[in-house]
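Undergrad: Attaching a predicted model along with its sequence, questions to come.
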Amino acid sequence: MATDNTSVIEHKTYARVGFLGNPSDVYYGRTISFSLGSFWASVKLEPSENLMILPHPVHDLVEFDSLTHLVNRLQSDGYYGGVRLLMAICKIFHNHCKDNNISLHEGNFKLSYDTNIPRQTGLSGSSAIVCAALSCLLDFYQVRHLIKVEVRPNLILNAEKELGIVAGLQDRVAQVYGGLVYMDFDKKSMEELGHGKYTPMDPDLLPPLYLIYAENPSDSGKVHSTVRQRWLNGDEFIISSMKEVADIALEGRTALIEKDYTKLADLMNRNFDLRRQMFGDEALGAMNIEMVEIARHVGAASKFTGSGGAVVVFCPEGPSQASLLEDACKTAGFAFLPIQVMSSRLSQDDLETMSTR
């Protein structure tokens, strides 16, 4: 891709699946995540005389057929589209470069975006837009070699924090790196380096997986709150349970390397069970729990991909079991599809910025 400031630049970032260990990433834990090929966000940067952030014709809709149309739209999609995300990452990027004495040329641009990631499904739709926009800015200003790969997830997260979005680093790491990634957010690394230790893995280690998601999911941004406060207050049950969730990712890494898929299924189920015990059914939501239970009813292993709205499934008995599950999902009104894991999106320039430890 050309990186001079007269070229059109476009980047795509895929949705992510939190496979094991979530939500321990915000509790100095460990996780394994991967890129989901079916859904993505793309951002286009075009040089222009004035700096412009272009609203999406669907996701940033400001013209309606009627008052009822407006209200229905707000009830289904909320108040916010992607414009605020693009503006936030521009601010965070600018401030990071200023604070780190990274010079930026004076050229202007217009940013536009598109996405097919289903809303509020716990597939990291917001961070995908921000990640793709950051990649465009890195190329437009020709500073990709000056901002380390490990730092970029923090910039994305900081942009979302600007907007009050509750999240951890896991999603942003998965989307910056792409492919299958093991992450260790141990306290020492987070405090000394400002980021965790991220290890790419071979996506071929994964067995065939499936995705279940709801067409009308609940909001994924409210689920962390109560547990977080209890953890900060020193609640022994939450602290010990979250440590066990983090250990699931560590055990899962070994299970993947050894292709011990029986163990992997057990870990997936245990991950969800621990989350349910900590958060409670009311916080998780009846629809989200139903997706997990539909998979378990046919003997499949399942857990949330994020905070709710979608479920990742492993069918240890193979295609026949997956077919049974697909029928059950259709009956219940849930979408079901095979998962395609995307490979790493890091370029040679990106790899050269990575810390050696």
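TA: Perfect, I can see it now.

Undergrad: Show me the shaky parts of this protein.
TA: 1-6, 216-225, 355-357 (pLDDT under 70).

Undergrad: residue with max distance from the center of it?
TA: Ser66 (34.5 Å; Cα atoms, centre = their mean).

Undergrad: how much space between that residue and Gly308?
TA: To Gly308, Ser66 is 31 Å away according to Cβ to Cβ, to the nearest Å. Using the backbone N, CA and C atoms, a C-beta is placed for each residue, glycine as well.

Undergrad: Repeat that for Gly194.
TA: 29 Å.

Undergrad: Would you mind giving the secondary structure of Pro200?
TA: Following DSSP: H, G, I helix; E, B strand; the rest coil, the label given to Pro200 is strand.

Undergrad: Any idea what it is bridged to?
TA: Taking DSSP bridges as the rule, Pro200 bridges to Val181.

Undergrad: ok, it touching Ala174?
TA: No. Applying Cβ atoms under 8 Å as the test, Pro200 and Ala174 come out as separate, 10.5 Å apart.

Undergrad: The two: which is more packed in?
TA: Ala174 (32 against 15; other Cβ atoms under 10 Å).

Undergrad: Help me confirm that the more buried one comes into contact with Ser124.
TA: Yes. Here Ala174 reaches Ser124: they are 7.5 Å apart, a contact under Cβ under 8 Å.

Undergrad: pull the longest strand from this protein.
TA: strand 30-48 (DSSP state E).

Undergrad: send the alpha carbons of stretch 312-321 over as PDB?
TA: The C-alpha trace of stretch 312-321 is given here as PDB (Å, rounded to 0.1, in the frame of the first residue of the first chain):
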ATOM      1  CA  VAL A 312     -18.500 -19.300  20.200                       C
ATOM      2  CA  VAL A 313     -19.200 -23.000  19.900                       C
ATOM      3  CA  PHE A 314     -17.100 -26.200  19.500                       C
ATOM      4  CA  CYS A 315     -18.900 -29.300  18.300                       C
ATOM      5  CA  PRO A 316     -16.600 -32.200  19.500                       C
ATOM      6  CA  GLU A 317     -18.700 -34.800  17.600                       C
ATOM      7  CA  GLY A 318     -18.300 -33.000  14.300                       C
ATOM      8  CA  PRO A 319     -20.500 -31.900  11.400                       C
ATOM      9  CA  SER A 320     -23.600 -34.000  12.400                       C
ATOM     10  CA  GLN A 321     -23.600 -32.300  15.800                       C
END
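
Undergrad: which residues in the stretch 151-300 of the chain form helices?
TA: 152-162, 170-177, 187-193, 225-232, 236-257, 261-279, 281-284, 286-297 (DSSP state H, counting those that start in this stretch).
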